[in-house]
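>>> requesting a structural model of the entry that follows:
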Amino acid sequence: MEERKTVKVVAAIIRRGDKIFATQRGYGEFKDGWEFPGGKVEVGETPQEALAREIREELSADIIVGDLLTTVEYDYPKFHLSMDCFWAELAERSEMTLLEHEAAKWLGMDELDTVNWLPADIEVVKAIQDEKKRLSQDNTQNYYNEKSNEFFESTVSADVSSLYDHFLKYIPEGGHILDFGCGSGRDTKAFMNLGYDVEAIDGSPELSKLASEYTGINVKCRDFFDLNETAKYDAIWACASIIHVHSEKLPLLLSKMRDAVCEKGIIYASFKKGEFEGERNGRYFVDMTAERFRNVLGNVDGLSIVEEWYSEDVREDRDNSWYDVILRKG
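From the prediction side, this is the model:
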């Protein structure tokens, strides 16, 4: 079998605010397909030099080439494409004019899937979306670190004892509970005072410190996806904690939580009620309804719903509705 020729190219992901520039090819085999502008790297050029030149030739514009986002390796029928993709911005007072493409659009992040991308450029779109998710997770953790004292004070005294009534009836006396994303440590302390054996983790270093001081136990700072225990707990309590996990990752996390509880073990989780997913007030949220959660749970084996209900926020200054669910393993 003849080895495909490798074609080395570069592409610019040009940003303006929260929008990204896309062009529609006006010539050749892939005419009418959408792509990120760029072209071939010539002998003696760095990828960044090639990209600046290509944008001048295609769009009559100067750009500031930023960091490399990804390198796409893609096999077309007649050649192998190796494409370095860089973030970029227009240079000051520079305007773009289409010299080779038949059309162009500025696309918002929620519009990236609305055009017919060329096959290799589909991989770039995925990398952009993954990077946005990573940044939103970073923003969420930064929010809790920077506002840890404010968050602690606003939640530590909230009376959620009605939720305990739903949860604790399934757990043996003195049972082993993991408070999964404990925040202020309010629920950890309540369960300890009721005689349960409690461990607690949180993703925020600052909140973990405050919760440790409040509860008197060592609250570990851990990423949720580092949960690798097997049949260790009688129950996991995830009160308003996994609401910051992307919906596509929830099945994996729920599977880890399932593995961490014993047979017939219980998992409680709560989400803000709704269909929204994205960044809101500096944090990433995935909201849930009963129907939406059942769709997520359809991708997880070995968990069944034993109770679900909607509740209202107990804090007087909040007007939130919540979806609450209790799951059983096995």
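>>> distance from the chain centre to the host helix or strand of A127, please.
Per DSSP states H and E, A127 falls inside helix 119-146. Computed by CA atoms, centre = their mean, to the nearest Å, the separation of helix 119-146 from the middle of its chain amounts to 7 Å.
>>> what is it packed up against?
Counting contacts by 3 or more CB pairs under 8 Å, 6 or more residues apart in numbering; DSSP states H and E, the secondary-structure elements packed against helix 119-146 are strand 5-16, strand 63-75, strand 79-90, helix 205-215, strand 277-280, strand 283-286. (Glycine included, C-beta is placed from N, CA and C.)
>>> can I get these in CSV including mean neighbour count and mean pLDDT?
Compiled in CSV, these are given as follows (neighbours: other CB atoms under 10 Å; pLDDT from 0 to 100):
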stretch, mean neighbour count, mean pLDDT
strand 5-16, 18, 95
strand 63-75, 15, 95
strand 79-90, 19, 95
helix 205-215, 19, 96
strand 277-280, 14, 86
strand 283-286, 20, 91
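>>> of the ones you listed, which is nearest D110?
Closest to D110 of those, according to CB to CB: strand 277-280, at 8.1 Å.
>>> partner strands of that closest one and their direction?
As defined by DSSP bridges, the strand partners of strand 277-280 come to strand 283-286 (antiparallel).
>>> which stretches of this protein have low pLDDT?
Scanning the chain for pLDDT under 70 picks out the ranges 1-3, 316-319.
>>> quickly list the domain ranges of it.
Domain ranges of the chain: 5-144, 150-329, per automatic domain parsing.
>>> quick check: end-to-end length of the shortest one?
Its start and end residues considered, domain 5-144 measures 50 Å (CA to CA, to the nearest Å).
>>> over to the longest one?
Between the opening and closing residues of domain 150-329 lies a distance of 36 Å (CA to CA).
>>> can you give me the strands in the stretch 201-330 of the chain?
In the stretch 201-330 of the chain, strands defined by DSSP state E, counting those that start in this stretch lie at 220-221, 233-238, 261-272, 277-280, 283-286, 303-312, 321-329, listed in chain order.
>>> which of those sits closest to L254?
By CB to CB (comparing all of the strands of the stretch 201-330 of the chain), the closest turns out to be strand 303-312, at 6.4 Å.
>>> quick one: residues contacting Y74.
Contact partners of Y74, counting by CB atoms under 8 Å, 6 or more residues apart in numbering, are H80, L81, M83, P119, A120, E123.
>>> at 10 Å instead, please
H80, L81, S82, M83, L118, P119, A120, D121, I122, E123, V124 (CB atoms under 10 Å, 6 or more residues apart in numbering).
>>> now render the residues you listed as a markdown table, adding distance to Y268.
Supplementary listing: the contacts of Y74 in a markdown table, determined by distance: CB to CB, whole Å:
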| residue | distance to Y268 |
| --- | --- |
| H80 | 50 |
| L81 | 48 |
| S82 | 48 |
| M83 | 46 |
| L118 | 46 |
| P119 | 44 |
| A120 | 44 |
| D121 | 43 |
| I122 | 39 |
| E123 | 39 |
| V124 | 40 |
